[in-house]
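Trainee: Next one to model:
(one chain, ligands or ions: 1)
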Amino acid sequence: MNRCGGRSSRAGRTDLARTSARRSPAPQGKRPAGSSRPKRAAIEGLLAQLKPSLAIEIGTAEGGSLECIAAYSGHVHTLDLAPGVTDAPANVTLHVGDSKEVLPRLLRELEQDGQNVDFVLVDGAHEAEGVERDVRSLLASNAVSRTVIVLHDTANEAVR
Ligand SMILES: C[S@@+](CC[C@H](N)C(=O)[O-])C[C@H]1O[C@@H](n2cnc3c(N)ncnc32)[C@H](O)[C@@H]1O
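Mentor: The predicted structure is shown next:
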């Protein structure tokens with residue numbers, strides 16, 4: 001069932017080739033930001049159960065968690081100030097800009113369309129003020145009423 005990288009089967013590799021976001025190369029010797037194996041495993045466990053129709057990711061970076069979210073979701077909206085993804089899977093909409101403005105706008109549109117967001121990964125701004133702002137935007141929206149919201153880096157003092 002592993003669709004989020006690190007797979008061992010040939011079928012899994014084929015699946016990844018079909019669904020993965022193409023990323024800008026990471027600097028020599030560096031892993032893409034935020035794409036640790038435990039993080040992917042935790043997200044994958046959740047997504048495999050949830051199978052979201054609609055998902056939002058705040059903080060695209062180089063597409064590490066996006067690859068995973070897109071593999072399990074009907075559609076994903078992903079937001080970043082400057083995403084490192086150049087060619088996302090067909091079920092992904094890339095939004096470029098500050099989540100301060102982009103997220104409330106996106107949520108308004110989804111709300112107007114009567115859509116519910118099933119899954120959100122909050123992994124953009126990594127200071128308390130920005131995280132709180134994103135969470136408040138989510139909780140204020142009628143599009144976020146039956147939703148699993150995952151906050152990354154909550155053990156990191158600066159983010160709380
Ligand atoms: C930790 S990385 C995301 C990692 C990614 N989710 C993954 O697991 O592969 C955080 C990203 O959030 C973006 N970011 C930071 N502040 C933001 C903001 N206010 N609005 C949108 N994106 C932001 C950064 O540009 C960065 O690419």
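Trainee: And for the most centrally placed residue in the chain, nearest residue in space, chain neighbours not counted?
Mentor: Central residue of the chain (C-alpha atoms, centre = their mean): residue 57, 2.9 Å from the mean position. Ranked by C-beta to C-beta, 6 or more residues apart in numbering and with sequence neighbours excluded, the top spatial neighbour of residue 57 is residue 78, at 4.2 Å. Where you see a C-beta, it was placed from the backbone N, CA and C, and this is true even at glycine.
Trainee: Residue 103 too?
Mentor: Excluding the flanking residues, the one nearest residue 103 by C-beta to C-beta, 6+ apart is residue 137, at 4.9 Å.
Trainee: Can you tell me which helix or strand of this protein has the lowest average pLDDT?
Mentor: Lowest mean confidence among the helices and strands of the chain (mean pLDDT, DSSP states H and E): helix 10-19, at a mean of 34.
Trainee: Strands along the protein, start to end?
Mentor: For the chain, strands defined by DSSP state E occupy the ranges 22-23, 54-58, 75-80, 85-87, 92-96, 119-122, 148-151.
Trainee: who in this structure is up against the ligand?
Mentor: Taking C-beta under 6 Å from any ligand atom as the measure of proximity, the chain contacts the ligand at 33-35, 59, 61, 64-65, 79-82, 98-100, 123-125, 130.
Trainee: Give me the ChimeraX select line for those, limited to the buried ones.
Mentor: Buried subset of the residues of the chain next to the ligand, written as a ChimeraX selection, criterion 16 or more other C-beta atoms under 10 Å:
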select :34,35,59,61,64,65,79,80,99,123,124,125,130
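Trainee: So which of the residues of the chain next to the ligand belong to helices?
Mentor: Those of those mapping onto helices are 64-65, 99-100, 130, per DSSP state H.
Trainee: From what I see, residue 119 and residue 75 are in contact.
Mentor: No: the criterion here is C-beta atoms under 8 Å, and residue 119 misses it with residue 75 at 11.0 Å.
Trainee: Which of these two has more residues huddled nearby?
Mentor: More neighbours surround residue 119 than the other of residue 119 and residue 75, with 23 against 15 (other C-beta atoms under 10 Å).
Trainee: Show me what that one is bridged to.
Mentor: residue 55, residue 148 (DSSP bridges).
Trainee: residues contacting it?
Mentor: By C-beta atoms under 8 Å, 6 or more residues apart in numbering, the contact list for residue 119 reads 46-47, 50, 52, 54-56, 69, 73, 147-150.
Trainee: so which of these comes closest to residue 114?
Mentor: Ranked by distance to residue 114 (C-beta to C-beta), the contacts of residue 119 are led by residue 54 at 11.4 Å.
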